[in-house]
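*Asks:* just to be clear, the model below is a prediction. Sequence and coordinates:
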Amino acid sequence: MEQRIAWETAVASLALAFALSVVVAWLYSATHAGLSYLRGFTQSIAMGGIIAASVMLAIGDDVARGLGVVGALTIVRFRTTIKDTRDLMFVFAGLAAGVASGVQSYAVAIAGTGMFAVAVGFLHVTSFGTHRQFDAVLRIRMPANSPEQRAFTDLLERHCRRFMLVNLREAGHEIYEHSYQVQFSDPKAGAALLREINLLPGLTGATLLMQDSSLEL
């Protein structure tokens, strides 16, 4: 029986599919922001390209084989739920690289993956789509008409680009709890701000609740 695809072509297609899907998986790992990161999902993206390329190499331009693959896939039930549509886009990108490599459209596979990488990098660096305006919530207790209020405000002005008093409540014995939303001038300024606040007499209970972008829903 005549071999439709040469060994060299098949190996080159599979190797390119794996290399490009690894790039997609690495991009996913490097730009993932959230609490639901799974190493297995990242490895699945890397492996999906080889599977897609193998299927396309096996089918070629044979319609009957294509129908057979479709029939086989209808038997398999995929029960994994992908909650983040962004994760789904990475799965499609890995499969698309495999499909393009499998039909020997190498230029399309490389250009498509490269353009996808540029788009992912741009969206990640610019934090495209985020609504987060502040970095943390600062809570602190201080007496009413405290003489340290001015020094406390100076600390906020020194370490924060913006801050806003969002809650004020009485904690008893003429002590008030203040809650500020703050945006740091330096992402690492939180520890220094807390340390300097604790040096001010009369101010107690200083805590910072960080508003990480991964928690933005």
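*Replies:* Looks like it came in fine.
*Asks:* can we go C-alpha only for contacts and neighbour counts from here?
*Replies:* Noted.
*Asks:* which residue is nearest the centroid of this protein?
*Replies:* residue 32 (2.4 Å; C-alpha atoms, centre = their mean).
*Asks:* which neighbouring elements make contact with the helix or strand hosting residue 16?
*Replies:* Per DSSP states H and E: residue 16 is located in helix 7-31. Using 3 or more C-alpha pairs under 8 Å, 6 or more residues apart in numbering; DSSP states H and E as the contact criterion, the elements in contact with helix 7-31 are helix 39-59, helix 85-102, helix 106-125.
*Asks:* show the contacting residues for the residue nearest to the centre of the chain.
*Replies:* With contacts taken as C-alpha atoms under 8 Å, 6 or more residues apart in numbering, residue 32 has no neighbouring residues.
*Asks:* one more time with 10 Å, if that's ok
*Replies:* By C-alpha atoms under 10 Å, 6 or more residues apart in numbering, the contact set of residue 32 is 26, 86-87, 124, 214.
*Asks:* list just the nearest of the residues you listed to residue 98.
*Replies:* For the contacts of residue 32, the residue nearest residue 98 by C-alpha to C-alpha is residue 26; the value is 15.7 Å.
*Asks:* which residues does the closest residue to the closest one other than its chain neighbours contact?
*Replies:* Once its chain neighbours are removed from consideration, residue 26 has its nearest residue in residue 42; the separation is 7.7 Å (C-alpha to C-alpha, 6 or more residues apart in numbering). With contacts defined as C-alpha under 10 Å, 6+ apart, residue 42 is in contact with 21-22, 24-29, 87, 90-91.
*Asks:* what does residue 82 give?
*Replies:* residue 88.
*Asks:* before we move on, what about residue 109?
*Replies:* Residue 109 makes contact with 16-17, 20, 93-94, 96-103, according to C-alpha under 10 Å, 6+ apart.
*Asks:* repeat the analysis, applying 7 Å as the threshold.
*Replies:* Under the criterion of C-alpha atoms under 7 Å, 6 or more residues apart in numbering, the contact partners of residue 109 comprise 97, 100-101.
*Asks:* filter those residues down to the buried ones and hand me the PyMOL line.
*Replies:* Applying 16 or more other C-alpha atoms under 10 Å to these leaves a buried subset, and the PyMOL line that selects it is:
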select buried, resi 97+100+101
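*Asks:* which one of the contacts of residue 109 is nearest residue 129?
*Replies:* Looking across those and measuring by C-alpha to C-alpha, the closest to residue 129 is residue 97, at 26.2 Å.
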